[in-house]
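1. Pasting a predicted model and its sequence here:
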Amino acid sequence: MAQLQELLRMEVPTKMAGSAPPVVAKPGQPKDTDMTCVNCHTPVQPGWKFCPNCRTSLPAPVKFCVGCGSEVTPGAEFCSSCGKPISK
């Protein structure tokens, strides 16, 4: 009975015309990330370029140098602080 009540609480939102289906977490599924879309707050995963719900462009992930910990400029091949190669 408790499992049935849990399933009933997890209603799937209705699909809006012209939009992708919302991302819904399954019970017991590990949480991959705490990232959400800045527009509609739908959970998104690292590496996604667009929100699957509202198609908003997502920010590129920030990279840090493994040698010195400095933030790396997107597209850089070497760290501007310590000169170490940036792993891809």
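-> Here it is on my side, so go on. Numbering: from 1, shown residues only.

2. can you map out the strands along this protein?
-> Per DSSP state E, the chain carries strands over the ranges 63-64, 71-72.

3. For the last one, give me every contacting residue.
-> The list of residues contacting strand 71-72 from outside it, by CB atoms under 8 Å, 6 or more residues apart in numbering, reads Val62, Lys63, Phe64, Cys65, Cys79, Ser80, Ile86. Using the backbone N, CA and C atoms, a C-beta is placed for each residue, glycine as well.

4. okay if I get these as TSV plus distance to Trp48?
-> Shown next, in TSV, are these (distance: CB to CB, whole Å):
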residue	distance to Trp48
Val62	15
Lys63	16
Phe64	20
Cys65	24
Cys79	26
Ser80	27
Ile86	22
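
5. Just name the closest of these to His41, please.
-> Val62 (20.3 Å; CB to CB).

6. Find the residue closest to the closest one in space, skipping its chain neighbours.
-> Using CB to CB, 6 or more residues apart in numbering and skipping residues adjacent in sequence, the residue nearest Val62 is Glu71, 6.1 Å away.

7. Look up how far Ile86 lies from the one you found.
-> As judged by CB to CB, to the nearest Å, Glu71 and Ile86 stand 11 Å apart.

8. Identify the contacts common to the two.
-> Between them, Glu71 and Ile86 share the contacting residues Lys63, Cys65, judged by CB under 8 Å, 6+ apart.

9. Which one's more surrounded, those two?
-> Higher neighbour count among Glu71 and Ile86: Ile86, with 17 against 12, using other CB atoms under 10 Å.

10. Correct me if wrong: that one contacts Gly67.
-> No. With contact defined as CB atoms under 8 Å, Ile86 does not count as touching Gly67 (9.5 Å).
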